[in-house]
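Enquirer: can you look at this prediction? I've put the sequence above it.
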Amino acid sequence: LLSKFIGMLTDSRSFLSFPRHEYFRRLLCNMMGEDIENGLLPNDISFFGNVVENICYHNLKEFINYKK
């Protein structure tokens, strides 16, 4: 379910949105990294790297293209 998340909602017209997105990405990576270290998630960095890329970029891009 998390792998289909389209990221955080924000007002992208604001210059201050960039730091919020960066903070979100860092929190997401830290959360997943801690879960991997604690054995709650499998140690598959390639897979979870793709999950983070999807959450931070690809899922929203696909969602927007789907709605057109």
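Expert: Received, thanks.
Enquirer: against residue 34, how distant is residue 42?
Expert: From residue 42 across to residue 34, the span is 14 Å (Cβ to Cβ, to the nearest Å). C-beta here means a position set from N, CA and C on the backbone, and glycine is covered the same way.
Enquirer: can you check residue 55 too?
Expert: Taken as Cβ to Cβ, the spacing of residue 55 relative to residue 34 amounts to 16 Å.
Enquirer: those two - which one has more neighbours?
Expert: residue 55 (21 against 11; other Cβ atoms under 10 Å).
Enquirer: who touches the helix of greatest length in the chain?
Expert: Taking DSSP state H as the criterion, the chain has its longest helix at helix 17-37. When contacts are taken as Cβ atoms under 8 Å, 6 or more residues apart in numbering, the neighbours of helix 17-37 outside the stretch itself are 7-8, 10-11, 41-43, 45, 48, 51-52, 55-56.
Enquirer: out of the residues you listed, who's the most crowded?
Expert: When neighbours are taken as other Cβ under 10 Å, the top entry among the contacts of helix 17-37 is residue 55 (21 neighbours).
Enquirer: which residue comes closest to it once chain neighbours are left out?
Expert: residue 5 (5.0 Å; Cβ to Cβ, 6 or more residues apart in numbering).
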